[in-house]
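Chemist: let's see this in three dimensions:
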Amino acid sequence: MAEAALQLTDQQRLQLESLLQGQQVQAHWHGQLPVVLLNRCWLRLQVVPVEQLSNVLPPDSSGDAPELVRFRELLREGLTSLEAQEQCWQEFGREPCSDALRRFWAAQERGNRGWTLQAYLDWLQRYRFGIEAEGPKPLPLIVLARPDESEAHQLLWHWPVSQSMRHTCP
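Modeler: Below is the predicted model of the structure:
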């Protein structure tokens, strides 16, 4: 998605440019670095510190429940689904395993807009690298998916004038 397609107001463009200028003096990674969220439904920009992003936009970690991680490990080790399930029931208990599976499927039905725990951790690593690297520093912009559509959140990086905003969704 190109910056022009974002349909920002002049005031929002100025706000982004101001944040981007402030980003250029950052020398190290810290929790107060800005993350810009664009809610297209309300045409609203929200700036949150990176340390608060997981509270404002929680990543879906339902697939990373220990019970499900262990189940997948057992399958990789060659156990059948039934054997893996029984082993997990022995290790974690039947109810916790069922709850983990129920949470996972509920999240799948709700949709996570591509914002999984792994996507969040990868994004954090990329942001940190961008801040700690020599040269221009990017400003992250997350375009939130519309609630009534099945699209994913769009992860963009706003760069100084010499570089353009780039899309980083897989």
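Chemist: helices of this structure, residue ranges please.
Modeler: Taking DSSP state H as the criterion, the chain contains helices spanning 10-23, 53-56, 66-76, 81-92, 94-110, 117-132.
Chemist: what residues sit buried inside the second one?
Modeler: Residues of helix 53-56 classed as buried: residue 53 (neighbour count, 16 or more other CB atoms under 10 Å). C-beta coordinates here come from the backbone N, C-alpha and C atoms, glycine included.
Chemist: tell me the average confidence for that helix?
Modeler: If you average the pLDDT over helix 53-56, you get 94.
Chemist: do the same with the fourth one
Modeler: The predicted model gives helix 81-92 an average pLDDT of 94.
Chemist: list of residues touching that helix?
Modeler: By CB atoms under 8 Å, 6 or more residues apart in numbering, the surrounding residues in contact with helix 81-92 are 66-67, 70-71, 74-75, 79, 97, 100.
Chemist: again, only this time at 7 Å
Modeler: 67, 70-71, 74-75, 79, 97 (CB atoms under 7 Å, 6 or more residues apart in numbering).
Chemist: now that helix: how far from the chain's centre is it?
Modeler: 31 Å (CA atoms, centre = their mean, to the nearest Å).
Chemist: that's all I had, so thanks and see you.
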